[in-house]
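Trainee: Quick one: sequence plus predicted model below, questions after.
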Amino acid sequence: MPSEKIRLTTAQALVKFLNEQYIEIDGEVTPFVEGVFAIFGHGNVVGIGQALEEHQGHLKIYQGKNEQGMAHAAIGFAKQNNRKKIFACTASAGPGSANFVTAAGTALANNIPVLFLPADTFATRQPDPVLQQLEHTYSADVTTNDALRPVSRYWDRIERPEQIMSALIRAFEVMTDPETAGPATICIAQDTEGEAYDYPVEFFKKRIHYLNRRMPTERELAGARDLILASERPVILVGGGARYSGAREALIALSERHNIPLVETHAGKSTVESTFENNLGGSGILGTLAANKIVQSADLVIGVGTRYTDFITSSKTAFQDQTKFLNINVSRPQAYKFDAFQVVADAKTALSALLPRLEGYRTSYHNELQVLQEEWNKERERLAHVAFTRENFEPEIKNQFETETLNEYADALNTEFTQTEALLTINEVVDKDSIALTSAGSLPGDLHRLWNTAVPETYHLEYGYSCMGYEINGALGVKIAAPEQEVYAMVGDGSFNMLHSELLTSLQYGHKLNIMLFDNSGFGCINNLQMANGSKSFYCEFRDKNDRILNVDYAKIAEGYGAKVYRANNKEELTKALLDAKKQTRTTLIEMKVLPKTMSDGYLGWWNVGVSEVSGKESIRKAYRDKQDMLENARLF
């Protein structure tokens with residue numbers, strides 16, 4: 001008997017399908033697609049735009065201001081929701097869709113699901129070259145959207161209405177699988193968007209995507225148990241996979257029962273709150289002294305849901321030669337890293353299954369973890385009170401500016417505020433359940449080391465891609481995901497200038513953000529990097545043609561959008577601004593002029609960068625020799 005049909009355009013079928021996608025996790029079923037971020041233009045306004053206008057369903061529609069910016073908001077939303085909900089993003093053909101590429105790369109690097117719906121050229125090719133179409137002599141098949149192939153976990157081009165069915169099912173299978181989670185791109189030819197087809201009604205029935213927790217095998221559990229029992233100084237490296245799995249309770253139980261320290265990756269931070277006694281904080285180049293001391297002395301690293309990026313491993317120099325690795329990960333390739341014993345399983349499930357198998361086991365740390373915590377807390381307190389004096393200021397990093405240059409900044413920006421004092425003041429004053437967010441520059445280091453979380457899942461760092469411009473735009477998505485919590489976007493002046501388009505969107509739709517703008521008049525983090533490797537400061541400061549430091553009124557920019565703004569150049573002004581900002585119902589921006597070279601740095605971490613082997617400067621030749629010495633201590637696989 002023929003199945004029942006419904007006649008719809010390709011775009012209408014897409015929208016109807018999105019409304020019927022659900023996900024089940026631990027027995028709880030919820031809609032998977034929250035809504036659509038859209039900038040309508042040539043190629044999608046009369047196709048997907050028309051379909052959403054007539055058949056929006058439960059989908060929430062947000063008008064973005066920049067395609068990359070709104071896609072960052074979609075990433076922030078999915079990340080804060082631990083990948084249980086997503087947004088789709090649609091853009092016009094050509095430059096609109098090209099703007100997705102950076103955001104798609106950000107989503108891919110962070111394993112975050114986003115559905116990208118870029119418009120494409122004509123399937124019939126009759127109007128070729130249509131507006132915004134690229135032309136190549138070697139092929140008529142290539143469009144701007146082919147640039148999205150390498151930054152998508154799944155990519156497809158739709159040129160016939162019936163193709164949308166298999167493409168969507170494959171895309172959602174990829175996005176709802178913890179191992180493959182990432183961006184899916186469905187490019188739809190603009191004439192195909194409006195073409196009709198008789199679709200089977202069954203295609204639009206409620207579809208539940210089941211997130212089944214992968215169980216570890218008996219062999220894996222036995223091997224993991226034996227490795228842990230044979231170790232005296234194990235450490236658990238808590239990655240993003242632990243957070244997405246909801247492994248907090250299992251991690252705490254394992255740590256408490258057996259006195260195993262926890263250290264955190266950028267994505268794993270706040271899986272377990274900082275107030276937990278065995279949580280030593282961030283690991284690696286941006287890590288705490290306590291965490292890095294423990295990692296360097298560990299005989300077993302238990303990596304839970306981590307990719308072992310170079311910042312976390314200090315470019316593979318953070319471990320002893322004899323250190324062994326036990327990796328728990330849903331991704332088999334990730335579990336193989338560092339030649340580890342692999343447990344390919346869900347983090348929460350695997351840790352819970354290990355607990356009863358370690359009865360009676362205790363590490364040899366005794367009270368060492370508490371001693372390291374106390375040592376780090378004293379250092380953190382010191383950083384909160386680093387003061388600038390014009391006569392004798394010693395910056396926190398190597399290869400610092402001369403005092404004369406720092407005085408120049410102090411005069412130009414009219415400030416003596418240090419970045420660490422500003423950040424720790426914010427941490428002290430904001431509500432404990434506030435969500436802190438950042439992405440690029442020196443702020444990820446300061447937050448990874450210094451930001452204490454009293455409530456789980458209140459720290460949000462995009463550092464899989466370290467994408468400048470994510471901070472404010474990603475914060476919008478976080479706020480949509482957590483409307484009852486205050487969201488603080490920590491952003492430098494460099495990233496603010498890169499992209500802050502969805503600041504306006506936050507005001508437009510009433511999603512209050514708190515933007516903490518640290519202005520040191522330059523790309524301070526990269527300036528540190530060039531100077532620490534033998535170069536002088538070179539085109540990373542913001543100076544005019546007369547070599548004068550720029551002093552930009554960023555508060556006035558935000559005020560022009562309609563935000564409530566403050567200017568705070570010392571602790572007292574900042575505290576007052578933060579307290580008043582809590583009372584506001586619209587987006588706020590606090591501009592802080594901070595001195596360069598006053599961020600935190602060091603603590604046993606090292607980063608492998610491409611230092612010049614040949615140079616006329618002895619400082620650069622020395623930096624190269626130092627690099628070669630460090631590489632002697634790096635693991636090769």
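Mentor: Now that the structure is in, tell me what you want to look at. Residues are numbered from 1 along each chain as shown.
Trainee: give me every residue that touches the residue nearest the centre of the chain.
Mentor: In the chain, the residue lying closest to the centroid (C-alpha atoms, centre = their mean) is Glu462, at 1.5 Å. Listed by C-beta atoms under 8 Å, 6 or more residues apart in numbering, the contact partners of Glu462 are Ile75, Gly76, Lys79, Thr106, Asn110, Leu437, Thr438, Ser439, Tyr470, Gly474. Where C-beta positions appear, they are placed from N, C-alpha and C, glycine not excepted.
Trainee: Can you report phi and psi for it?
Mentor: In terms of degrees, to the nearest 10, the main-chain angles of Glu462 are phi -90, psi 100.
Trainee: For it, report the pLDDT, please.
Mentor: On pLDDT, Glu462 comes in at 97.
Trainee: And it, how far from Tyr470?
Mentor: 5 Å (C-beta to C-beta, to the nearest Å).
Trainee: Which residues are in contact with each of those two?
Mentor: With contacts defined as C-beta under 8 Å, 6+ apart, the residues shared by Glu462 and Tyr470 are Ile75, Gly76, Thr106, Ser439.
Trainee: Which of the helices or strands spans the third one?
Mentor: I take that to be Thr106. Counting by DSSP states H and E, the element that carries Thr106 is helix 100-109.
Trainee: Off-centre distance for the very next helix or strand once past that helix?
Mentor: Next along the chain after helix 100-109, taking DSSP H and E as the criterion, comes strand 115-120. Mean-position distance between strand 115-120 and its chain equals 22 Å (C-alpha atoms, centre = their mean, to the nearest Å).
Trainee: repeat for stretch 421-431
Mentor: 21 Å.
Trainee: What of stretch 571-586?
Mentor: With C-alpha atoms, centre = their mean, you get 26 Å for stretch 571-586.
Trainee: which outside residues touch that stretch?
Mentor: Applying C-beta under 8 Å, 6+ apart, the set of residues contacting stretch 571-586 is 417, 421-422, 425-426, 429-431, 486, 507, 510, 512, 514, 562-564, 566-568, 588, 590, 592.
Trainee: Mind doing that once more with 6 Å?
Mentor: The contact list for stretch 571-586, computed with C-beta atoms under 6 Å, 6 or more residues apart in numbering, reads Thr425, Val429, Lys512, Asn514, Lys564, Tyr566, Ala568, Thr588, Ile590.
Trainee: Just these: which are in helices?
Mentor: Under the assignment DSSP state H, the contacts of stretch 571-586 contribute Thr425, Val429 to helices.
Trainee: Just send the contacts of stretch 571-586 back as CSV, with distance to Thr275 too.
Mentor: Listed next are the contacts of stretch 571-586 as CSV, based on distance: C-beta to C-beta, whole Å:
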residue, distance to Thr275
Thr425, 19
Val429, 17
Lys512, 26
Asn514, 22
Lys564, 31
Tyr566, 29
Ala568, 27
Thr588, 27
Ile590, 26
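Trainee: what's the closest of the contacts of stretch 571-586 to Glu218?
Mentor: Asn514 (49.5 Å; C-beta to C-beta).
Trainee: ok, Lys512 touching Thr587?
Mentor: Yes - at 5.5 Å, Lys512 and Thr587 qualify as touching, with contact defined as C-beta atoms under 6 Å.
Trainee: pretty sure Gln68 contacts Gly105?
Mentor: No - Gln68 lies out of contact with Gly105 (C-beta under 6 Å); the separation is 10.2 Å.
Trainee: Of the two, which one has the most company?
Mentor: Neighbour comparison, Gln68 and Gly105: the larger count goes to Gln68, with 26 against 18 (by other C-beta atoms under 10 Å).
Trainee: Next up, the contacts around the more buried one.
Mentor: Per C-beta under 6 Å, 6+ apart, neighbours of Gln68: Asn99, Thr102, Ala103.
Trainee: can you pick the most crowded of those?
Mentor: Most neighbours among those, by other C-beta under 10 Å: Ala103, with 31 neighbours.
Trainee: Give the burial count for the closest residue in space to that residue that isn't next to it in sequence, as a bare number.
Mentor: In space, and not counting its chain neighbours, Ala103 is closest to Ala71: 3.3 Å by C-beta to C-beta, 6 or more residues apart in numbering. By other C-beta under 10 Å, 31 other residues sit near Ala71.
Trainee: now Ala71: how far from Cys89?
Mentor: 5 Å.
Trainee: again, but for Tyr463
Mentor: From Tyr463 to Cys89 the distance is 22 Å (C-beta to C-beta).
Trainee: Check Arg380 too.
Mentor: Taking C-beta to C-beta, one finds Arg380 at 39 Å from Cys89.
Trainee: pLDDT-wise, which helix or strand of this structure ranks last?
Mentor: helix 403-413 (a mean of 88; mean pLDDT, DSSP states H and E).
Trainee: Give me the secondary structure label for the closest residue to Val304 other than its chain neighbours.
Mentor: Nearest residue to Val304 in three dimensions, chain neighbours excluded: Ala242, at 4.5 Å (C-beta to C-beta, 6+ apart). Secondary structure for Ala242, judged by DSSP: H, G, I helix; E, B strand; the rest coil, is helix.
Trainee: gap between the helix or strand hosting the residue nearest to Ala103 and the chain center?
Mentor: Element membership for Ala71, per DSSP H and E: helix 67-80. How far helix 67-80 lies from its chain's middle: 10 Å, per C-alpha atoms, centre = their mean.
Trainee: Name the next helix or strand downstream of that helix, please.
Mentor: That would be, after helix 67-80 and using DSSP H and E, strand 86-91.
Trainee: That following strand vs helix 100-109, what angle?
Mentor: 160 degrees (axes from the mean of the first three to the mean of the last three C-alpha atoms, to 10 degrees).
Trainee: Now strand 86-91: buried residues?
Mentor: Counting neighbours by 16 or more other C-beta atoms under 10 Å, one finds that the buried residues in strand 86-91 are Ile86, Phe87, Ala88, Cys89, Thr90, Ala91.
Trainee: For Ala38, state which of those is nearest.
Mentor: Once C-beta to C-beta is applied, the member of those that ends up nearest Ala38 is Thr90, at 4.9 Å.
Trainee: May I have the beta-bridge partners of the closest one?
Mentor: As for beta bridges, Thr90 partners with Ala38, Leu117 under DSSP bridges.
Trainee: residue contacts, it?
Mentor: Ala38, Asn44, Ile48, Leu117.
Trainee: Tell me which residues touch Cys525, please.
Mentor: Contacts of Cys525 by C-beta under 6 Å, 6+ apart are Gly441, Ser442.
Trainee: so it is in which element?
Mentor: Assessed by DSSP H and E, Cys525 sits inside helix 524-532.
Trainee: Just the buried positions in that helix, please.
Mentor: Gly524, Cys525, Asn527, Asn528, Leu529, Gln530, Met531, Ala532.
Trainee: Going by distance to Ala350, which of the residues you listed wins?
Mentor: Set against Ala350, the nearest of these by C-beta to C-beta is Cys525 (36.2 Å).
Trainee: how near is the closest one to Pro444?
Mentor: Cys525 is 9 Å from Pro444, by C-beta to C-beta.
Trainee: picking that back up, neighbour-wise, which of Lys512 and Thr587 wins?
Mentor: The neighbour comparison of Lys512 against Thr587 (other C-beta under 10 Å) goes to Thr587, with 30 against 18.
Trainee: State the distance from that one to Arg83.
Mentor: Taken as C-beta to C-beta, the span from Thr587 to Arg83 is 26 Å.
Trainee: go on, Ala290?
Mentor: Ala290 is 30 Å from Arg83, by C-beta to C-beta.
Trainee: The two: which has the busier surroundings?
Mentor: Legend: neighbour count by other C-beta under 10 Å for Ala290 and Arg83, higher for Ala290 (27 against 24).
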